[in-house]
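> Give me a 3D structure for the following:
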Amino acid sequence: MNRIYLMSMVLAIFSFNHKQTEEDCLPEYIEFKAPPKPIKQVDTRLVEALIQVESRGNDSCIGDRHLIIPSIGCLQIRPIMVREVNRILNILGENKQYNNKDRYSRIKSIEMFNIWRGFHHKDHDNEIIARCWNGGPKGWKHKATLHYWYKVQKALQDSVEV
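As a prediction, this is how the structure comes out:
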């Protein structure tokens with residue numbers, strides 16, 4: 001329970017003389033904190049653009065076959081991302097868990113993307129989100145992810161024009 005609320009409750013219980021505002025109940029050394037920033041809304045156009053760039057809309061797409069562990073699905077998710085999403089769900093106290101077969105489902109892939117985005121990138125813009133999706137946690141710093149971002153930008157522009 002935060003200190004401001006607790007202190008105002010205690011003082012309100014012991015003084016019945018007059019109506020008090022929350023400011024009257026607070027000691028001078030406690031300052032009000034600004035309300036938290038609202039969470040940015042998920043840009044559904046970004047998800048659709050990523051799907052277009054990653055798999056051209058093919059839900060059963062298998063990519064990077066030359067690697068030991070290929071990426072699968074419309075968003076080209078690797079098993080390590082499934083583990084990361086499950087880790088995030090554990091931190092948030094959710095009972096839901098995903099498995100590697102869920103990567104073939106467009107709905108579940110988008111759910112996993114949104115969980116990852118909401119945890120790691122709730123205040124970031126589309127460029128940082130897309131570049132990290134492609135290049136990992138610090139993908140936005142890597143020059144190699146710029147080309148990917150340009151493709152996503154083009155897909156975003158194409159989705160607006162249609």
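
> May I see the buried residues of the host helix or strand of residue 110?
Assigned by DSSP states H and E, residue 110 belongs to helix 106-120. By neighbour count on 16 or more other Cβ atoms under 10 Å, the buried set for helix 106-120 is 106, 108-110, 112-113, 115-117. Quick note: C-beta positions are derived from backbone N, CA and C, even for glycine.

> what do you get for stretch 88-99?
So stretch 88-99, judged by 16+ other Cβ under 10 Å, has buried residues 88-89, 98.

> Quick one: low-confidence residue ranges for this structure.
Under the criterion pLDDT under 70, the flagged ranges of the chain are 1-43, 160-162.

> Got the domain ranges for it?
For the chain, the structural domains run 1-34, 44-161, going by automatic domain parsing.

> can you pull the contacts of residue 79?
By Cβ atoms under 8 Å, 6 or more residues apart in numbering, the contact set of residue 79 is 69, 100.

> re the thing from before, list the contacts of the helix holding residue 110.
Contacts for helix 106-120 (Cβ under 8 Å, 6+ apart): 39, 42, 47, 50-51, 59, 73-75, 77, 81-82, 84-85, 88-89, 91-92, 98, 102-103, 129, 132-133, 137.

> Let's see that with 7 Å instead.
With contact meaning Cβ atoms under 7 Å, 6 or more residues apart in numbering, helix 106-120 is reached by 42, 47, 59, 73-75, 77, 81-82, 84-85, 88-89, 98, 102-103, 129.

> Tell me which of the domains of the chain is the most buried.
Greatest average neighbour count among these goes to domain 44-161 (a mean of 16), per mean count of other Cβ atoms under 10 Å.

> Cross the buried residues of stretch 88-99 against helices and list the overlap.
Using DSSP state H, the subset of the buried residues of stretch 88-99 located in helices is 88-89.

> Let me know the angle separating the helix or strand following the helix holding residue 110 from helix 106-120.
Remark: after helix 106-120, the chain's next helix or strand is helix 126-135, criterion DSSP H and E. Angle, helix 126-135 to helix 106-120, by axes from the mean of the first three to the mean of the last three Cα atoms, to 10 degrees: 110 degrees.

> Identify the residues contacting residue 155.
Listed by Cβ under 7 Å, 6+ apart, the contact set of residue 155 reads 49, 52-53.

> From those residues, which land in helices?
In helices, defined here by DSSP H, the members of the contacts of residue 155 are 49, 52-53.

> any chance of the residues you listed in JSON lines, with distance to residue 152 too?
Shown next, in JSON lines, are the ones in helices among the contacts of residue 155 (distance: Cβ to Cβ, whole Å):
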{"residue": "49", "distance to residue 152": "5"}
{"residue": "52", "distance to residue 152": "8"}
{"residue": "53", "distance to residue 152": "5"}
